[in-house]
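Enquirer: what follows is a predicted protein model with its sequence.
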Amino acid sequence: VSELPVLKGYEAELESVLNYLEETDLLMLQMNYVNTFDLNRSQALYLFEHIHGEDRDRGRAMVDLVAEYERHGLVIGANELPDYLPLVLEFLSEVENEVASMILSDAVSVINHLGIKLKEKSIPYASLFDVIVAMSPCEPKPLIEPPVRDMDEAMDMFGVSNEGVEPLLTPGLPSSCRVGGEQPIKFVGV
């Protein structure tokens with residue numbers, strides 16, 4: 001750990017993460033990981049989730065990232081999205097320093113944002129995010145909230161109609177009557 005100059009000063013934090021991993025039962029580690037990263041969207045390890053939310057721009061950003069991977073010889077074989085942080089970090093470890101610095105600079109604000117959220121909840125992995133941020137040649141900037149997840153919020157609030165149609169796809173409703181505008185009231189027999 002102390003062989004990398006950027007890791008100087010982070011030895012104690014990294015040691016605490018390693019101790020946590022060694023001392024915690026595997027099933028508990030798995031459960032904590034899933035609860036932290038998979039079941040909590042605000043801490044998801046998908047970088048573009050924190051920038052684009054469910055906006056269409058997220059898809060374009062993923063296409064661009066896949067193209068960058070392929071330009072450097074990486075073809076994603078796993079069923080994983082290209083913006084998954086462990087995949088991004090693995091890619092960065094395999095490319096030239098200039099490429100890695102450029103991509104890390106683009107991602108550092110999201111990584112820092114995630115690290116702050118983890119620190120607020122005293123999640124043991126938080127110090128790993130500090131180390132990644134320290135490796136970036138750029139300072140992180142505060143994130144702007146991603147676009148609203150209209151469909152998810154509508155599904156949570158209203159569910160599907162009696163006809164099985166998702167709320168934002170209900171034909172005939174003007175946009176002012178969809179999520180964010182006035183809502184028609186539907187009474188459903190119980």
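Expert: Perfect, thanks for sending it. Residues are numbered from 1 along each chain as shown.
Enquirer: flag the helix or strand of the chain with the lowest per-element mean pLDDT.
Expert: helix 150-158 (a mean of 55; mean pLDDT, DSSP states H and E).
Enquirer: so where's this structure uncertain?
Expert: Scanning the chain for pLDDT under 70 picks out 1-7, 78, 145-190.
Enquirer: so who does the most centrally placed residue in the chain touch?
Expert: In the chain, the residue lying closest to the centroid (Cα atoms, centre = their mean) is residue 46, at 2.8 Å. Counting by Cβ atoms under 8 Å, 6 or more residues apart in numbering, residue 46 touches 81, 83, 84, 85. To be clear about C-beta, it is placed using only N, CA and C from the backbone, and glycine gets the same treatment.
Enquirer: pretty sure residue 100 sits against residue 90.
Expert: No - taking contacts as Cβ atoms under 8 Å, residue 100 lies outside contact range of residue 90: 11.1 Å.
Enquirer: on contacts alone, who are the packing partners of the longest helix belonging to the chain?
Expert: The longest helix of the chain (DSSP state H) is helix 97-120. Helices and strands touching helix 97-120, by 3 or more Cβ pairs under 8 Å, 6 or more residues apart in numbering; DSSP states H and E, are helix 49-52, helix 85-94, helix 126-135.
Enquirer: columns mean neighbour count and distance to residue 73 on top of the ones you listed, output as CSV?
Expert: Compiled in CSV, those are given as follows (neighbours: other Cβ atoms under 10 Å; distance: least, Cβ to Cβ, whole Å):
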stretch, mean neighbour count, distance to residue 73
helix 49-52, 21, 26
helix 85-94, 16, 8
helix 126-135, 19, 22
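Enquirer: which one of these lies nearest to residue 9?
Expert: When these are compared by Cβ to Cβ, helix 126-135 sits nearest residue 9, at 8.2 Å.
Enquirer: need the residues that contact that closest one.
Expert: Outside helix 126-135, the residues touching it (Cβ under 8 Å, 6+ apart) are 6-7, 10, 13-14, 16-17, 89, 104, 108, 111-112, 114-115, 118-119, 140.
Enquirer: mind redoing it with 7 Å?
Expert: For helix 126-135, contacts defined as Cβ atoms under 7 Å, 6 or more residues apart in numbering pick out 6-7, 10, 13-14, 16-17, 104, 108, 111-112, 114-115, 118-119, 140.
Enquirer: fine by me, thanks again.
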